[in-house]
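Asks: here is a sequence with its predicted model. Questions after.
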Amino acid sequence: MSQSYINVGIIGAGAIGNIHMSSFAGVEGVRVTAVADTYLPLAEQRAAEHGIATVHADPQQLLEDESIDAVVIGVPNQYHATLAIEALKRGKHVLLEKPMAIDSKSALSILEQAELSDKILMMSHQLRFRGLSRAVKKYIDDGDVGHIYNAKVGWLRKKGIPGWGSWFTRKDQAGGGPLIDIGVHMLDLSLYLMGNPKPVSLYGSTYAEFGPKRQGIGNWGTPNWEGYYDVEDLASALIKLENGATMSLDVSWAAHSAGLTEEPFIHLMGTKGGVSIVGDRGTYVTHVDNEVVEREITPLEGEEDRFQMIRHFVECIREDKQPITSALSGYTNNRILDAIYESSRTGNEVKLHWN
């Protein structure tokens, strides 16, 4: 690159965009020079808080700025594809919030544009960069787990529906409920730890037992009581992978999940050992002389996951290399999400074919 600094524009001044603004401020060689939000007062507020020079009410104006090298897209799901494709066409590197898109068709359009471009498109899946996730990955890479043949993963909130009636709870704007919101995090991290095997078939079911009754409402997001709720509040799936492994996935925004943790969890069972993540706790288990041996997994040292993620994004830009949370990983996640919704709708197994 011709300049020493990478100039970044943030599209979306909400909670997620605000986190990214703070994160970039902690990484050398990068500066946030512009922010765009259709609600201009919020963009102006963020600019004042973070010392950002330029404010736009229209994301298109930010994308037209040739001085910006990279953009972060942190807006409602329905706008991901349009903005990501336009950014790539205009020669910007892209850090895209999850999910990649509202559905797999839109995700494929982003993937195809990324492949045509010489720019980086990275998915914002920060859980991969946590010290505990990296420590568990090291156990797996060192061969202590062996072939992972079964995974039980999920995130079961008892009362956490976000922004009832807002875009969060509208299928045409969000794509779905907890499955596409928090389920995608668990799906992405689990597949990554398992070595990214392709899914080949699945059964799935979704349920809406709380949201339509305006029950189970959490603290995230701003409710819109003039809006509506037409997404699930619980989803469950059994996924078969190309290497013979299976994964069960269970997620909810609201559920009578008595006796079950509300923390995100991943349990991976392998031929030599097993690893688990429950919230901030990691465990390794194996058999020694026919006795069960368990030990705690200590997170690897380093900065917070959000700084690790931003550093990786910057490194990929400077070294022209593919990020570990690539465009293909985002598309794969969307394919699985769509298949779960389809299986729930039809009551049938869905087979996934890959070119």
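Replies: In hand now; what should we look at?

Asks: per-residue pLDDT, the residue of the chain most remote from its centre?
Replies: In the chain, the residue that sits farthest from the middle, by CA atoms, centre = their mean, is Asp289; the gap is 40.4 Å. For Asp289, the pLDDT comes out at 94.

Asks: then Ser2?
Replies: pLDDT, Ser2: 42.

Asks: looks like Tyr207 contacts Leu234 (just checking).
Replies: Yes - in this structure, Tyr207 is within contact of Leu234 by CB atoms under 8 Å, at 4.7 Å. Any C-beta I mention is one placed from the backbone N, CA and C, and that applies to glycine too.

Asks: which of these two has more neighbours?
Replies: Using other CB atoms under 10 Å as the criterion, Tyr207 and Leu234 rank with Leu234 on top: 25 against 15.

Asks: need the contact list for the nearest residue to Leu328 once chain neighbours are set aside.
Replies: Residue nearest to Leu328 in three dimensions, not counting chain neighbours: Leu111, with 6.6 Å by CB to CB, 6 or more residues apart in numbering. Contact analysis of Leu111 by CB atoms under 8 Å, 6 or more residues apart in numbering lists Ala327, Leu328, Gly330, Tyr331.

Asks: export the helix or strand hosting Leu111 as PDB, just CAs?
Replies: Using DSSP states H and E, Leu111 maps to helix 104-116. The C-alpha coordinates for helix 104-116 follow below in PDB (Å, rounded to 0.1, in the frame of the first residue of the first chain):
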ATOM      1  CA  SER A 104     -27.300 -18.300   1.100                       C
ATOM      2  CA  LYS A 105     -28.200 -16.900  -2.300                       C
ATOM      3  CA  SER A 106     -27.200 -13.400  -1.100                       C
ATOM      4  CA  ALA A 107     -24.100 -14.900   0.600                       C
ATOM      5  CA  LEU A 108     -23.100 -16.600  -2.700                       C
ATOM      6  CA  SER A 109     -23.300 -13.300  -4.500                       C
ATOM      7  CA  ILE A 110     -20.800 -11.800  -2.000                       C
ATOM      8  CA  LEU A 111     -18.500 -14.800  -2.300                       C
ATOM      9  CA  GLU A 112     -18.500 -14.600  -6.100                       C
ATOM     10  CA  GLN A 113     -17.600 -10.800  -5.900                       C
ATOM     11  CA  ALA A 114     -14.900 -11.500  -3.400                       C
ATOM     12  CA  GLU A 115     -13.400 -14.100  -5.700                       C
ATOM     13  CA  LEU A 116     -13.400 -11.600  -8.600                       C
END
